[in-house]
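*Asks:* Give me coordinates for this.
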Amino acid sequence: MVTLFLLRHAKASQSSPNGDDRSRPLNERGRGAAAFMGRHMRDHGFHPDRVLCSPAARTRETLQILSDAAGWTDADPARSFHDSLYLAAPSEIVDLLQQLNKSCAAALVVGHNPGLHDLAVTLAGPQGEDYQRLLEKYPTGALAVLTDPSTTWKQVGTARMALTHYAVPRDLVG
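*Replies:* Take a look at the predicted model:
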C-alpha cells in the first residue's frame, strides 16, 4: 500500500528581492496557512516517510513551517530537493515517485501548480465531494491524500487511487 500526499506551496509574495521566481518567499498569509496545514496533518496522523520538494524558496519555506507545526524533526521524514519538481509536469512527478524504495509507505510531494493539480485529478478516482472540490480548484496550501492498498511506487500513475482527504487552508482557518 502507498499513501501519497500532494501539497501545493503556501501563498507566496508576488516578487522576490532579486526578481527571480524561484526566490519568491511566502507572504504572511502563506506562513500562517503552512502552519495550519502542518497542525492539520499532525492532528490527522499524516506522517510521510519521505518528502520530495521543489527547490524554490516558497516550497522550502512551506515545508519548514509545515514540519515545525506538525512536530517533525529535520531528519524525520527524510527530505530531498529535486530541480525537476520546479514547475514540474505530472509525468515528471510520477517519474520521481516511481523511483521510491518499496520500504517507503507514504510520500509527500511539495510543489507547484499546474502540475500538482493535474496529477491529483489524474490519479484520483472520480467520485465523492472531495473529488468535485479538487476538480474546481487546487489553491495554494492545498493538500490531497491519495491511497491504494494494491499499488506500489513503481505502479503510481498507471491506475486511479482513492482520494481519501482533500484540505484547503481557507477551510481550516474558518
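*Asks:* elements contacting the longest helix out of those in the chain?
*Replies:* Scanning the chain for the helix with the most residues, using DSSP state H, yields helix 28-43. Helix 28-43 is packed against helix 57-70, strand 143-148, helix 169-173, with contacts defined by 3 or more CB pairs under 8 Å, 6 or more residues apart in numbering; DSSP states H and E. Any C-beta I mention is one placed from the backbone N, CA and C, and that applies to glycine too.
*Asks:* closest one to L97 among these?
*Replies:* Between L97 and those, the tightest spacing by CB to CB is seen for strand 143-148, at 10.7 Å.
*Asks:* what lines up beside the closest one in the sheet?
*Replies:* When pairing is defined by DSSP bridges, strand 143-148 lines up against strand 2-8 (antiparallel), strand 162-167 (antiparallel).
*Asks:* Could you export the helices and strands packed on helix 28-43 to TSV, including columns for mean neighbour count, mean pLDDT and distance to R8?
*Replies:* Conversion of those to TSV gives the following (neighbours: other CB atoms under 10 Å; pLDDT from 0 to 100; distance: least, CB to CB, whole Å):
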stretch	mean neighbour count	mean pLDDT	distance to R8
helix 57-70	21	97	8
strand 143-148	22	96	8
helix 169-173	15	83	10
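*Asks:* Touching, A120 and A144? I think so.
*Replies:* Yes - the criterion here is CB atoms under 8 Å, and A120 meets it with A144 at 4.4 Å.
*Asks:* Now do the shared contacts for those two.
*Replies:* Shared contacts of A120 and A144, defined by CB atoms under 8 Å, 6 or more residues apart in numbering, are found at 6, 134, 138, 163.
*Asks:* Turn those into TSV, including pLDDT.
*Replies:* As requested, those are arranged in TSV below (pLDDT from 0 to 100):
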residue	pLDDT
L6	98
L134	96
Y138	96
L163	97
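*Asks:* coming back round to it: which positions in the longest helix of the chain come out as buried?
*Replies:* By neighbour count with 16 or more other CB atoms under 10 Å, helix 28-43 contains the buried residues 30-38, 40-41.
*Asks:* Parallel or antiparallel, which strands does the helix or strand following it pair with?
*Replies:* For helix 28-43, the following helix or strand on the C-terminal side (DSSP states H and E) is strand 50-53. Paired strands of strand 50-53, with direction, are strand 78-81 (parallel), strand 106-111 (parallel) (DSSP bridges).
*Asks:* ok so, going back, quick check: which of the strands paired with strand 143-148 has the most neighbours on average?
*Replies:* Neighbour counts averaged per stretch over those are highest for strand 2-8, at a mean of 24; criterion: mean count of other CB atoms under 10 Å.
*Asks:* for the protein, which spans come out with low pLDDT?
*Replies:* Along the chain, the parts satisfying pLDDT under 70 run over 16, 174.
*Asks:* Cool, thanks, signing off.
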